[in-house]
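In: here is my input; please provide its structure:
(2 chains)
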Amino acid sequence: QKEVEQNSGPLSVPEGAIASLNCTYSDRGSQSFFWYRQYSGKSPELIMFIYSNGDKEDGRFTAQLNKASQYVSLLIRDSQPSDSATYLCAVNRIWGKSTFGDGTTLTVKP
Amino acid sequence: DTAVSQTPKYLVTQMGNDKSIKCEQNLGHDTMYWYKQDSKKFLKIMFSYNNKELIINETVPNRFSPKSPDKAHLNLHINSLELGDSAVYFCASSQELTRGGETQYFGPGTRLLVL
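Out: Now for the predicted structure:
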């Protein structure tokens, strides 16, 4: 079992729809959870981090964390073509080590 | 101003050669990292340093040797390059830890191609 698993893509949604990206992790001791976005040929950039159960909202993005289910998700409301990218889930258990999922590629169609 | 910079951006070399990649961050962060991203886009940590001290060393061949002369720099030297070393290598940095402080800032990447 992989330490961090993301829903297999690619994921395609129409412009204006809600995109839902999911991530599960195996280590119950994980403390911090991150969503990064990576455009093709570019480096990853942080979208959001979350470390408490529940929802965290930032603009069109909402991160949801459920530690009991070992599940973290990212919702993108009103999806735009510029949201088309690969989204990487990262999980930290110990300082200095982030474990990344394989990524989910999102395409938002105009 | 570039927060995390890497040189070179592209590196094409022959099998068996030795090469180095340099990384510098001007964010004042305490922790720096090297990641390898393969052709399937899987991002895997190789090393992390905190204040020039190695804290994470994943199962990386000892042909890879990181070096941190100061907390703003983390270089990666690779000996006897192999075809399988072809990948994009990302440097990153983060601040020492408070909740969420582990947010990592990535450099632009170095695209290594071993022929």
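
In: hmm, the least confident helix or strand in chain B by mean pLDDT in reach of chain A?
Out: The helix or strand of chain B with the poorest confidence is strand B:53-57; it has a mean of 85 (mean pLDDT, DSSP states H and E). Yes: using CB under 8 Å from any CB of the partner chain, we find that strand B:53-57 touches chain A at B:55-56. (C-beta placed from N, C-alpha, C; glycine too.)

In: list the buried ones in the following helix or strand past that strand?
Out: Tracing the chain past strand B:53-57, the next element assigned as helix or strand by DSSP states H and E is strand B:64-70. Across strand B:64-70, burial judged by 16 or more other CB atoms under 10 Å in any protein chain shown covers B:64, B:66, B:68.

In: stretch A:33-45 now?
Out: A:33-38, A:43-44.

In: strands - which of these land there?
Out: Judged by DSSP state E, those include A:33-38 as members of strands.

In: adding pLDDT and distance to chain B, write those residues out as a markdown table.
Out: Listed next are those as a markdown table, based on pLDDT from 0 to 100; distance: CB to the nearest CB, whole Å:
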| residue | pLDDT | distance to chain B |
| --- | --- | --- |
| A:Phe33 | 92 | 10 |
| A:Phe34 | 93 | 7 |
| A:Trp35 | 96 | 11 |
| A:Tyr36 | 95 | 8 |
| A:Arg37 | 97 | 11 |
| A:Gln38 | 96 | 8 |
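
In: for chain A, what are the nearby residues on chain B?
Out: Checking chain B against chain A by CB under 8 Å from any CB, the hits are B:31, B:33, B:40-45, B:48, B:50, B:55-56, B:90, B:97, B:99-100, B:102-109.

In: mark which of those residues are buried, thanks.
Out: Going by neighbour count (16+ other CB under 10 Å), the residues of chain B next to chain A have B:31, B:33, B:42-43, B:45, B:48, B:50, B:56, B:90, B:97, B:100, B:102-109 buried.

In: separation between the closest residue to B:His29 other than its chain neighbours and chain A?
Out: Using CB to CB, 6 or more residues apart in numbering or on different chains and skipping the chain neighbours, the partner closest in space to B:His29 is B:Ser93 (4.0 Å). Distance from B:Ser93 to chain A, counting by CB to the nearest CB, to the nearest Å: 11 Å.

In: assumed B:Pro108 was part of a helix.
Out: No: under DSSP: H, G, I helix; E, B strand; the rest coil, B:Pro108 sits outside any helix and is assigned coil.

In: excluding sequence neighbours, find me the nearest residue to it.
Out: B:Pro108's closest residue in space is A:Ser43 (CB to CB, 6+ apart), at 5.5 Å.

In: close enough to count as contact, that neighbour and B:Arg111?
Out: No: at 11.4 Å, A:Ser43 does not count as touching B:Arg111 under the criterion of CB atoms under 8 Å.

In: for A:Cys76, list the residues it contacts.
Out: No, residue A:76 isn't Cys; it's Ile. By CB atoms under 8 Å, 6 or more residues apart in numbering or on different chains, the contact set of A:Ile76 is A:18-21, A:60-61, A:83, A:106.

In: thanks again, I'm all set now.
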